[in-house]
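[1] Generate a structure from the sequence data that follows.
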Amino acid sequence: MRAMTNSMDTVIASVVNAVEAADPNTYVIFIGDNGTEADSIANMYLTSSGRGKGTVYESGARVALAISGPGITA
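    Down below sits the predicted model:
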């Protein structure tokens, strides 16, 4: 989870920096779906029983969206 979050942070920063360099008056909006359906995560490390959306193993931050652009402060 930590590696995935760090990777996303790095890639999203690259996208935002490229957009700002091309046109600083552009808004960037990221919208994400939190968690994975239980039947999609069964593998050799995890079982789908009690995992996925709506469980404590969801692995998603419940943030509706993130926006970057002119006049928006961190």
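[2] ok, how many other residues are close to the nearest residue to L65 once chain neighbours are set aside?
    In this structure, L65 finds its nearest non-sequential neighbour in I31, 4.7 Å apart by Cβ to Cβ, 6 or more residues apart in numbering. The C-beta positions use only the backbone N, C-alpha and C, and glycine is treated the same way. Neighbours of I31 under the rule other Cβ atoms under 10 Å: 9.
[3] Just read off the phi/psi values of I31.
    phi -120, psi 130 (degrees, to the nearest 10).
[4] Would you give the sheet partners of the helix or strand of the chain with the lowest mean pLDDT, along with the direction of each?
    Least confident helix or strand, the chain: strand 65-68 with a mean of 83, by mean pLDDT, DSSP states H and E. In the sheet, strand 65-68 lines up against strand 28-31 (antiparallel) (DSSP bridges).
[5] So which residues make contact with the partner strand?
    Strand 28-31 is contacted from outside by I12, V15, V16, V19, A64, L65, A66, I67, S68, G69, using Cβ atoms under 8 Å, 6 or more residues apart in numbering.
[6] what are the ranges of the helices in the protein?
    Secondary structure of the chain (DSSP state H): helices at 2-22.
[7] So, low pLDDT: which residues of it?
    1, 33-64 (pLDDT under 70).
[8] Show the contacting residues for P70.
    By Cβ under 8 Å, 6+ apart, the neighbours of P70 are P24, N25, Y27.
[9] Any of the residues you listed buried? List them.
    Neighbour counting with 16 or more other Cβ atoms under 10 Å marks none of the contacts of P70 as buried.
[10] Pick the one among these closest to M4.
    Closest approach to M4 among the contacts of P70 (Cβ to Cβ): Y27, at 25.1 Å.
[11] tell me the phi and psi of that closest one?
    According to degrees, to the nearest 10, Y27 has phi -100, psi 140.
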